[in-house]
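> Got a predicted structure plus its sequence, pasted below:
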Amino acid sequence: MAEVTLVDIEKTFRDNTTVIPNLNLHIEEGSFTVLVGPSGCGKSTLLRMIAGLETVTRGSITIGGRDVTDVEASQRDIAMVFQSYALFPHMTVARNIDFGMRLAKLPADQRQAKVAEAARLLHLEELLDRKPAELSGGQRQRVAIGRAIVRNPGVFLFDEPLSNLDAALRTKMRVELAELHQRLDTTMIYVTHDQIEAMTLADCIVVMNAGRIEQVGSPMTLYQRPETLFVAGFIGSPKMNLIDGLIAEAYGATTLGIRPEHIDVSREHGDWRVTVRVIEKLGADSFAYVDSEQAGAMTVRLPGDAEMATGDTLYLTPRPDQLHPFDADGRRLPDEAIRRRLASLSLV
(Lines give C-alpha, C1' and ligand atoms only; values in the text may rest on other atoms or scores of the structure.)
Protein backbone atom coordinates (compact mmCIF):
# COMPACT_ATOMS: atom_id res chain seq x y z
CA MET A 1 0.00 0.00 0.00
CA ALA A 2 1.05 3.60 -0.55
CA GLU A 3 0.09 7.14 0.33
CA VAL A 4 -0.94 9.59 -2.39
CA THR A 5 -0.18 13.32 -2.30
CA LEU A 6 -1.42 15.96 -4.74
CA VAL A 7 0.18 19.40 -4.60
CA ASP A 8 -1.19 22.50 -6.41
CA ILE A 9 -2.98 20.35 -9.00
CA GLU A 10 -4.57 22.19 -11.90
CA LYS A 11 -6.35 20.76 -14.94
CA THR A 12 -7.21 22.90 -17.96
CA PHE A 13 -8.46 21.40 -21.23
CA ARG A 14 -7.50 22.58 -24.71
CA ASP A 15 -10.51 24.88 -24.97
CA ASN A 16 -9.13 26.74 -21.92
CA THR A 17 -11.83 25.29 -19.65
CA THR A 18 -10.36 24.85 -16.18
CA VAL A 19 -12.08 21.98 -14.36
CA ILE A 20 -9.70 21.86 -11.38
CA PRO A 21 -8.27 25.30 -10.58
CA ASN A 22 -5.94 24.50 -7.66
CA LEU A 23 -6.17 21.45 -5.44
CA ASN A 24 -4.13 19.97 -2.60
CA LEU A 25 -4.89 16.59 -1.05
CA HIS A 26 -3.10 13.97 1.02
CA ILE A 27 -4.50 10.42 1.06
CA GLU A 28 -3.28 8.30 3.92
CA GLU A 29 -1.61 4.96 3.33
CA GLY A 30 -4.11 2.12 3.75
CA SER A 31 -7.18 4.38 3.80
CA PHE A 32 -10.43 3.90 1.92
CA THR A 33 -10.88 7.43 0.55
CA VAL A 34 -14.00 8.35 -1.40
CA LEU A 35 -14.18 11.34 -3.76
CA VAL A 36 -17.82 12.41 -3.86
CA GLY A 37 -19.73 15.23 -5.46
CA PRO A 38 -22.29 16.02 -8.16
CA SER A 39 -21.74 15.29 -11.83
CA GLY A 40 -19.15 17.61 -13.35
CA CYS A 41 -17.41 18.45 -10.06
CA GLY A 42 -14.05 17.06 -11.28
CA LYS A 43 -13.83 13.88 -9.18
CA SER A 44 -13.38 11.47 -12.12
CA THR A 45 -10.89 13.82 -13.78
CA LEU A 46 -8.90 13.91 -10.54
CA LEU A 47 -8.92 10.10 -10.32
CA ARG A 48 -7.77 9.81 -13.92
CA MET A 49 -4.88 12.20 -13.23
CA ILE A 50 -3.81 10.02 -10.29
CA ALA A 51 -4.02 7.01 -12.63
CA GLY A 52 -1.99 8.72 -15.36
CA LEU A 53 -4.86 8.65 -17.85
CA GLU A 54 -5.11 12.46 -17.84
CA THR A 55 -2.17 14.84 -17.96
CA VAL A 56 -1.64 17.39 -15.20
CA THR A 57 -1.63 21.01 -16.37
CA ARG A 58 0.21 22.17 -13.25
CA GLY A 59 1.27 20.65 -9.93
CA SER A 60 2.64 17.29 -8.83
CA ILE A 61 1.41 13.83 -7.84
CA THR A 62 3.40 11.45 -5.65
CA ILE A 63 2.51 7.82 -4.91
CA GLY A 64 4.40 6.09 -2.16
CA GLY A 65 6.79 9.04 -1.97
CA ARG A 66 7.68 8.82 -5.69
CA ASP A 67 6.87 11.68 -8.05
CA VAL A 68 4.72 10.13 -10.79
CA THR A 69 3.42 13.33 -12.41
CA ASP A 70 5.00 12.48 -15.76
CA VAL A 71 5.18 8.68 -15.32
CA GLU A 72 3.18 6.36 -17.60
CA ALA A 73 0.06 4.82 -16.07
CA SER A 74 1.53 1.30 -16.30
CA GLN A 75 4.49 2.36 -14.12
CA ARG A 76 2.55 4.06 -11.29
CA ASP A 77 1.92 1.02 -9.06
CA ILE A 78 -1.83 1.45 -9.36
CA ALA A 79 -4.71 -0.70 -10.60
CA MET A 80 -7.99 0.80 -11.80
CA VAL A 81 -11.52 -0.61 -11.88
CA PHE A 82 -13.82 1.23 -14.26
CA GLN A 83 -17.57 1.79 -14.39
CA SER A 84 -17.74 -0.59 -17.36
CA TYR A 85 -16.39 -4.05 -16.59
CA ALA A 86 -14.13 -4.06 -19.70
CA LEU A 87 -13.99 -7.86 -19.77
CA PHE A 88 -13.02 -9.90 -22.83
CA PRO A 89 -16.23 -11.75 -23.82
CA HIS A 90 -14.43 -14.67 -25.48
CA MET A 91 -12.23 -15.38 -22.43
CA THR A 92 -13.11 -17.30 -19.30
CA VAL A 93 -13.10 -15.67 -15.88
CA ALA A 94 -9.68 -17.17 -15.18
CA ARG A 95 -8.25 -15.89 -18.46
CA ASN A 96 -9.71 -12.42 -17.89
CA ILE A 97 -8.13 -12.22 -14.44
CA ASP A 98 -4.67 -13.34 -15.58
CA PHE A 99 -4.65 -11.37 -18.85
CA GLY A 100 -2.26 -8.69 -17.60
CA MET A 101 0.06 -11.27 -16.06
CA ARG A 102 0.25 -13.14 -19.37
CA LEU A 103 1.21 -9.89 -21.11
CA ALA A 104 3.91 -9.44 -18.47
CA LYS A 105 5.06 -13.01 -19.20
CA LEU A 106 4.81 -14.21 -15.58
CA PRO A 107 5.42 -17.97 -15.19
CA ALA A 108 2.30 -20.10 -15.40
CA ASP A 109 2.56 -21.39 -11.83
CA GLN A 110 2.69 -17.81 -10.45
CA ARG A 111 -0.30 -16.79 -12.56
CA GLN A 112 -2.33 -19.75 -11.39
CA ALA A 113 -1.53 -19.05 -7.75
CA LYS A 114 -2.52 -15.39 -8.06
CA VAL A 115 -5.75 -16.22 -9.91
CA ALA A 116 -6.66 -18.80 -7.27
CA GLU A 117 -6.05 -16.31 -4.44
CA ALA A 118 -8.08 -13.58 -6.15
CA ALA A 119 -10.91 -16.04 -6.81
CA ARG A 120 -10.89 -17.05 -3.15
CA LEU A 121 -11.03 -13.44 -1.96
CA LEU A 122 -13.87 -12.60 -4.34
CA HIS A 123 -15.84 -15.87 -4.10
CA LEU A 124 -15.27 -16.69 -7.76
CA GLU A 125 -13.84 -20.21 -7.37
CA GLU A 126 -16.81 -21.92 -9.02
CA LEU A 127 -16.98 -19.41 -11.89
CA LEU A 128 -13.43 -19.55 -13.25
CA ASP A 129 -14.42 -21.54 -16.36
CA ARG A 130 -17.41 -19.38 -17.28
CA LYS A 131 -17.54 -16.59 -19.86
CA PRO A 132 -18.68 -13.05 -18.93
CA ALA A 133 -22.04 -13.53 -20.66
CA GLU A 134 -22.83 -16.29 -18.13
CA LEU A 135 -22.29 -13.99 -15.14
CA SER A 136 -24.46 -11.49 -13.28
CA GLY A 137 -23.50 -7.83 -13.14
CA GLY A 138 -22.09 -8.22 -9.64
CA GLN A 139 -20.04 -11.25 -10.67
CA ARG A 140 -18.63 -9.40 -13.67
CA GLN A 141 -17.59 -6.51 -11.44
CA ARG A 142 -15.85 -8.95 -9.08
CA VAL A 143 -13.92 -10.34 -12.07
CA ALA A 144 -12.80 -6.81 -12.98
CA ILE A 145 -11.69 -6.30 -9.36
CA GLY A 146 -9.88 -9.65 -9.45
CA ARG A 147 -7.92 -8.51 -12.50
CA ALA A 148 -6.80 -5.51 -10.43
CA ILE A 149 -5.98 -7.57 -7.32
CA VAL A 150 -3.50 -9.86 -9.07
CA ARG A 151 -1.35 -6.86 -9.93
CA ASN A 152 -0.76 -6.35 -6.19
CA PRO A 153 -0.74 -2.55 -6.59
CA GLY A 154 0.09 0.04 -3.98
CA VAL A 155 -3.18 1.87 -4.75
CA PHE A 156 -6.55 0.70 -6.07
CA LEU A 157 -8.61 3.23 -8.03
CA PHE A 158 -12.37 2.76 -8.52
CA ASP A 159 -14.35 4.95 -10.92
CA GLU A 160 -18.05 4.56 -10.03
CA PRO A 161 -17.81 0.75 -10.22
CA LEU A 162 -21.33 0.07 -8.93
CA SER A 163 -23.34 2.53 -11.01
CA ASN A 164 -24.41 -0.13 -13.56
CA LEU A 165 -25.87 -2.44 -10.88
CA ASP A 166 -29.40 -2.48 -9.53
CA ALA A 167 -30.11 -1.28 -5.98
CA ALA A 168 -29.92 -4.72 -4.34
CA LEU A 169 -26.63 -5.60 -6.04
CA ARG A 170 -25.14 -2.20 -5.16
CA THR A 171 -25.89 -2.83 -1.49
CA LYS A 172 -24.32 -6.30 -1.66
CA MET A 173 -21.25 -5.05 -3.51
CA ARG A 174 -20.74 -2.20 -1.03
CA VAL A 175 -20.44 -4.77 1.74
CA GLU A 176 -18.06 -6.90 -0.34
CA LEU A 177 -15.84 -3.91 -1.18
CA ALA A 178 -15.64 -2.89 2.48
CA GLU A 179 -14.68 -6.45 3.45
CA LEU A 180 -12.14 -6.60 0.61
CA HIS A 181 -10.46 -3.44 1.87
CA GLN A 182 -10.19 -4.95 5.36
CA ARG A 183 -8.65 -8.15 3.98
CA LEU A 184 -6.19 -6.48 1.60
CA ASP A 185 -5.32 -3.54 3.88
CA THR A 186 -4.45 -1.50 0.78
CA THR A 187 -4.99 2.14 -0.16
CA MET A 188 -8.22 2.55 -2.11
CA ILE A 189 -9.51 5.70 -3.82
CA TYR A 190 -13.12 5.49 -4.91
CA VAL A 191 -15.19 7.92 -7.00
CA THR A 192 -18.97 8.16 -6.71
CA HIS A 193 -21.78 10.71 -6.97
CA ASP A 194 -23.78 8.67 -4.44
CA GLN A 195 -23.34 10.07 -0.93
CA ILE A 196 -24.80 6.86 0.57
CA GLU A 197 -21.93 4.88 -1.01
CA ALA A 198 -19.51 7.44 0.35
CA MET A 199 -20.91 7.28 3.88
CA THR A 200 -21.00 3.46 4.02
CA LEU A 201 -17.64 2.70 2.40
CA ALA A 202 -15.21 5.44 3.36
CA ASP A 203 -13.03 6.07 6.35
CA CYS A 204 -12.23 9.41 4.68
CA ILE A 205 -14.53 11.40 2.38
CA VAL A 206 -13.43 14.21 0.06
CA VAL A 207 -16.43 16.35 -0.93
CA MET A 208 -15.85 18.15 -4.23
CA ASN A 209 -17.73 21.00 -5.87
CA ALA A 210 -16.81 22.76 -9.13
CA GLY A 211 -13.27 21.35 -9.07
CA ARG A 212 -12.58 22.42 -5.50
CA ILE A 213 -12.49 20.51 -2.23
CA GLU A 214 -15.27 21.62 0.10
CA GLN A 215 -14.31 19.43 3.06
CA VAL A 216 -12.24 16.36 3.97
CA GLY A 217 -13.08 14.16 6.94
CA SER A 218 -14.61 10.99 8.28
CA PRO A 219 -18.22 10.23 7.32
CA MET A 220 -19.56 11.20 10.75
CA THR A 221 -17.46 14.37 10.90
CA LEU A 222 -19.02 15.55 7.65
CA TYR A 223 -22.47 14.53 8.85
CA GLN A 224 -22.24 16.06 12.31
CA ARG A 225 -20.19 19.16 11.47
CA PRO A 226 -20.41 20.27 7.84
CA GLU A 227 -18.08 23.22 7.32
CA THR A 228 -19.91 24.64 4.31
CA LEU A 229 -23.48 25.03 3.16
CA PHE A 230 -22.71 22.79 0.17
CA VAL A 231 -21.58 19.89 2.37
CA ALA A 232 -24.57 20.40 4.68
CA GLY A 233 -26.95 20.04 1.76
CA PHE A 234 -25.07 17.21 0.02
CA ILE A 235 -24.29 14.80 2.87
CA GLY A 236 -27.23 13.08 4.52
CA SER A 237 -30.37 11.30 3.34
CA PRO A 238 -32.86 12.89 3.45
CA LYS A 239 -31.06 16.18 3.13
CA MET A 240 -30.58 18.68 5.92
CA ASN A 241 -33.29 21.32 6.22
CA LEU A 242 -31.82 24.72 5.32
CA ILE A 243 -33.76 27.72 6.59
CA ASP A 244 -33.26 31.34 5.52
CA GLY A 245 -34.91 34.58 6.55
CA LEU A 246 -35.99 35.78 9.97
CA ILE A 247 -35.54 32.45 11.75
CA ALA A 248 -31.91 32.19 10.65
CA GLU A 249 -31.32 35.85 11.50
CA ALA A 250 -32.66 35.26 15.01
CA TYR A 251 -29.80 32.83 15.52
CA GLY A 252 -27.24 35.25 14.08
CA ALA A 253 -26.95 33.34 10.80
CA THR A 254 -27.81 33.81 7.15
CA THR A 255 -28.84 30.16 6.81
CA LEU A 256 -29.71 27.74 9.59
CA GLY A 257 -29.47 23.97 9.11
CA ILE A 258 -31.25 21.24 11.07
CA ARG A 259 -31.40 17.55 10.14
CA PRO A 260 -34.82 15.85 9.91
CA GLU A 261 -34.04 13.55 12.88
CA HIS A 262 -33.07 16.45 15.14
CA ILE A 263 -36.52 18.03 15.27
CA ASP A 264 -38.92 17.23 18.12
CA VAL A 265 -42.54 16.83 17.06
CA SER A 266 -45.68 17.55 19.08
CA ARG A 267 -49.40 17.87 18.34
CA GLU A 268 -49.87 20.50 21.07
CA HIS A 269 -47.00 23.01 21.11
CA GLY A 270 -43.62 23.89 19.63
CA ASP A 271 -41.60 26.63 17.96
CA TRP A 272 -42.99 26.19 14.44
CA ARG A 273 -46.55 25.35 13.41
CA VAL A 274 -46.58 23.19 10.26
CA THR A 275 -49.00 21.39 7.97
CA VAL A 276 -48.24 17.88 6.70
CA ARG A 277 -48.12 17.73 2.88
CA VAL A 278 -46.84 14.20 2.17
CA ILE A 279 -45.92 11.19 4.31
CA GLU A 280 -43.45 8.50 3.27
CA LYS A 281 -43.71 5.20 5.16
CA LEU A 282 -40.41 3.33 4.89
CA GLY A 283 -40.84 0.68 7.55
CA ALA A 284 -38.64 1.60 10.51
CA ASP A 285 -38.88 5.30 9.62
CA SER A 286 -41.48 7.68 8.29
CA PHE A 287 -40.68 11.02 6.64
CA ALA A 288 -43.15 13.86 6.86
CA TYR A 289 -42.81 16.65 4.31
CA VAL A 290 -44.34 19.73 5.88
CA ASP A 291 -44.94 23.42 5.21
CA SER A 292 -44.43 26.20 7.74
CA GLU A 293 -45.16 29.91 7.44
CA GLN A 294 -42.04 30.67 9.51
CA ALA A 295 -39.54 28.12 8.15
CA GLY A 296 -40.92 27.12 4.75
CA ALA A 297 -40.82 23.55 3.41
CA MET A 298 -39.14 21.04 5.73
CA THR A 299 -38.62 17.30 6.19
CA VAL A 300 -39.04 15.55 9.54
CA ARG A 301 -37.95 12.01 10.43
CA LEU A 302 -40.43 10.08 12.61
CA PRO A 303 -40.85 6.49 13.87
CA GLY A 304 -42.27 4.16 11.26
CA ASP A 305 -45.46 3.63 13.23
CA ALA A 306 -46.15 7.34 13.76
CA GLU A 307 -49.84 8.02 13.14
CA MET A 308 -50.58 11.10 11.07
CA ALA A 309 -52.27 12.06 7.85
CA THR A 310 -51.91 14.59 5.07
CA GLY A 311 -53.28 17.91 6.25
CA ASP A 312 -52.53 17.32 9.95
CA THR A 313 -51.16 20.20 12.02
CA LEU A 314 -47.92 19.58 13.94
CA TYR A 315 -45.60 21.68 16.06
CA LEU A 316 -41.83 21.42 15.57
CA THR A 317 -38.99 22.35 17.89
CA PRO A 318 -35.37 22.10 16.70
CA ARG A 319 -32.88 20.71 19.18
CA PRO A 320 -30.58 23.64 20.05
CA ASP A 321 -27.38 21.57 20.18
CA GLN A 322 -28.03 20.25 16.65
CA LEU A 323 -28.33 23.57 14.82
CA HIS A 324 -25.88 24.36 12.00
CA PRO A 325 -25.43 28.11 11.36
CA PHE A 326 -23.87 29.44 8.14
CA ASP A 327 -22.87 32.94 7.09
CA ALA A 328 -23.59 34.76 3.82
CA ASP A 329 -20.61 33.04 2.14
CA GLY A 330 -21.91 29.60 3.06
CA ARG A 331 -19.23 29.03 5.71
CA ARG A 332 -20.03 27.54 9.10
CA LEU A 333 -20.14 30.03 11.95
CA PRO A 334 -18.00 29.32 15.05
CA ASP A 335 -19.65 27.16 17.71
CA GLU A 336 -19.03 29.79 20.38
CA ALA A 337 -20.96 32.38 18.41
CA ILE A 338 -24.05 30.18 18.15
CA ARG A 339 -23.83 29.19 21.83
CA ARG A 340 -23.81 32.84 22.85
CA ARG A 341 -26.76 33.54 20.58
CA LEU A 342 -28.74 30.58 21.92
CA ALA A 343 -28.01 31.69 25.47
CA SER A 344 -29.30 35.17 24.68
CA LEU A 345 -32.51 33.59 23.36
CA SER A 346 -32.84 31.55 26.57
CA LEU A 347 -32.70 28.33 24.56
CA VAL A 348 -29.85 26.73 26.51
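Cool, the structure landed. Everything quoted here is computed from the prediction, not taken from an experiment.

> I'd like to know how many residues surround residue 262.
The number of residues packed near residue 262 is 18, by other CB atoms under 10 Å. C-betas here are computed from N, CA, C, even on glycine.

> for it, what are its contacts?
Neighbour list for residue 262: 318, 319, 322 [criterion: CB atoms under 8 Å, 6 or more residues apart in numbering].

> Out of these, which is nearest to residue 17?
Looking at those and their distance to residue 17, the nearest is residue 322, at 40.3 Å (CB to CB).

> circling back to that earlier point, out of the contacts of residue 262, who has the most neighbours?
Sorting the contacts of residue 262 by how many neighbours each has (other CB under 10 Å) puts residue 318 first, at 24 neighbours.

> Leaving out sequence neighbours, find the closest residue to it.
In space, and not counting its chain neighbours, residue 318 is closest to residue 258: 4.5 Å by CB to CB, 6 or more residues apart in numbering.

> In this structure that neighbour contacts residue 240, no?
Yes. Judged on CB atoms under 8 Å, residue 258 makes contact with residue 240 at a distance of 6.9 Å.

> overlap in contacts of those two?
Residues within reach of residue 258 and of residue 240 at once, by CB under 8 Å, 6+ apart, are residue 324.

> rewinding a little: give me the neighbour count for the residue nearest to residue 318.
Neighbour count of residue 258, defined by other CB under 10 Å: 23.

> Repeat that for residue 247.
19.

> Wasn't it part of a strand?
No. If the criterion is DSSP: H, G, I helix; E, B strand; the rest coil, then residue 247 is helix and not within a strand.

> Now do it against residue 339, distance only.
From residue 247 over to residue 339 the distance is 18 Å, taken as CB to CB, to the nearest Å.

> and what of residue 194?
Counting by CB to CB, the gap from residue 194 to residue 339 is 35 Å.

> likewise residue 139?
Here the distance between residue 139 and residue 339 works out to 53 Å (CB to CB).

> Comparing the two, which residue is more hemmed in?
In this comparison of residue 139 against residue 339, neighbours counted by other CB under 10 Å, the higher total goes to residue 139 at 18 against 14.

> where exactly do the helices run in the protein?
Per DSSP state H, the chain has helices spanning 43-51, 93-97, 99-103, 108-122, 137-149, 167-184, 195-201, 219-224, 229-234, 246-250, 335-344. These are given in chain order.

> Which residue lies nearest the spatial centre of the chain?
With the centre of the chain defined as its mean C-alpha position, the nearest residue by CA atoms, centre = their mean is residue 198, 2.5 Å away.

> wouldn't residue 96 be in contact with residue 142 here?
No. Under the contact definition of CB under 8 Å, residue 96 does not touch residue 142, with a separation of 10.9 Å.

> These two - which one has more neighbours?
Counted by other CB under 10 Å, residue 96 and residue 142 do not tie: residue 142 has more neighbours, with 27 against 24.

> rewinding a little: tell me the one of the contacts of residue 262 nearest residue 39?
The nearest member of these to residue 39, counting by CB to CB, is residue 322 at 30.3 Å.

> Surely the closest one is in contact with residue 257?
No. The pair residue 322 and residue 257 fails to qualify as a contact (CB under 8 Å) at a distance of 9.1 Å.
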